[in-house]
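*Asks:* Sharing a model that was predicted from the sequence below.
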Amino acid sequence: MVILETHVASAWVDYNGHMNDAEYARVFSLAVDALMDRIGLDAGGRERLHYTIYTLETHLCYRRAAYEGQPLKVALTLLDRDVKRLHVFFELFGEEDHLLATSEQMLMGIDTQVGRPAPFPTAIEASIAALPQANTDAWPELAGRAVGIRR
C-alpha cells in the first residue's frame, strides 16, 4: 500500500550529489505522518482524541542513491500490532520501482493528556485493522534484520 508520494527536494541533496542519508529518515518520518492521517490521527483527530503516535525505534537500510527531483513513493506493510504499538515496515521506491531504502519502525500510541502510552482509541483501532498486514511467516525479506559484521 503506497502511503506517501513525494520527490527529492534540492535541499536534500548533499556534497556527493545525491540525497543525504538523513533525508531518507525525513521521508520515512513523512510516511509516519501520512500513516497517522490515514488512520484518523490527522491534526483534528489528534486534538479531538488527545492521542498521537511516537516513534520508539527505527532501523534504516540504504539500498540505492536518490537524486534531485527524482519521484519517490513509500509503501507500508504492517508487521505486527497490539493495543498500543505498531511494528511497521516502509519501503522507499524510486523510478521504475527500484528499492532505494527500507525503514522498520516501532511506533507507540500516546495519550497526550497524560503524556503516557495508551491503547488506541476504538475508531483508530478499526482503521489500523484495515491496513495491509504481513503474515508472520511472510514478512518482507529485509524486515527483522540486525546490525552487525557478518563473519
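*Replies:* Received the coordinates, thanks. Residues are numbered from 1 along each chain as shown.
*Asks:* Can you give me the buried ones in stretch 80-96?
*Replies:* When burial is assessed from 16 or more other CB atoms under 10 Å, stretch 80-96 yields the following buried residues: 81, 84, 85, 86, 87, 88, 89, 90, 91, 92, 93, 94. In this view, the C-beta of every residue, glycine as well, is placed from N, C-alpha and C.
*Asks:* Any regions of this structure where pLDDT drops low?
*Replies:* The chain contains no residues with pLDDT under 70.
*Asks:* Quick check: strands, which of the buried residues of stretch 80-96 are part of them?
*Replies:* Judged by DSSP state E, the subset of the buried residues of stretch 80-96 located in strands is 81, 85, 86, 87, 88, 89, 90, 91, 92, 93.
*Asks:* Report the beta-bridge partners for the second one.
*Replies:* Yep, that's residue 85 we're talking about. Listed by DSSP bridges, the beta-bridge partners for residue 85 are residue 108.
*Asks:* which ones are touching it?
*Replies:* If a contact means CB atoms under 8 Å, 6 or more residues apart in numbering, then residue 85 has 56, 106, 107, 108, 109 as its contacts.
*Asks:* related to what we said a few turns ago, would you mind putting the buried residues of stretch 80-96 into TSV with distance to residue 65 alongside?
*Replies:* Compiled in TSV, the buried residues of stretch 80-96 are given as follows (distance: CB to CB, whole Å):
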residue	distance to residue 65
81	33
84	37
85	32
86	29
87	28
88	24
89	21
90	18
91	16
92	12
93	13
94	9
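*Asks:* Next, give me the two most distant ones among the residues you listed.
*Replies:* Spatially, the most separated pair among the buried residues of stretch 80-96 is 84 and 94, at 33.7 Å (CB to CB).
*Asks:* Run through the helices of this protein in chain order.
*Replies:* 21-39, 43-49, 122-129 (DSSP state H).
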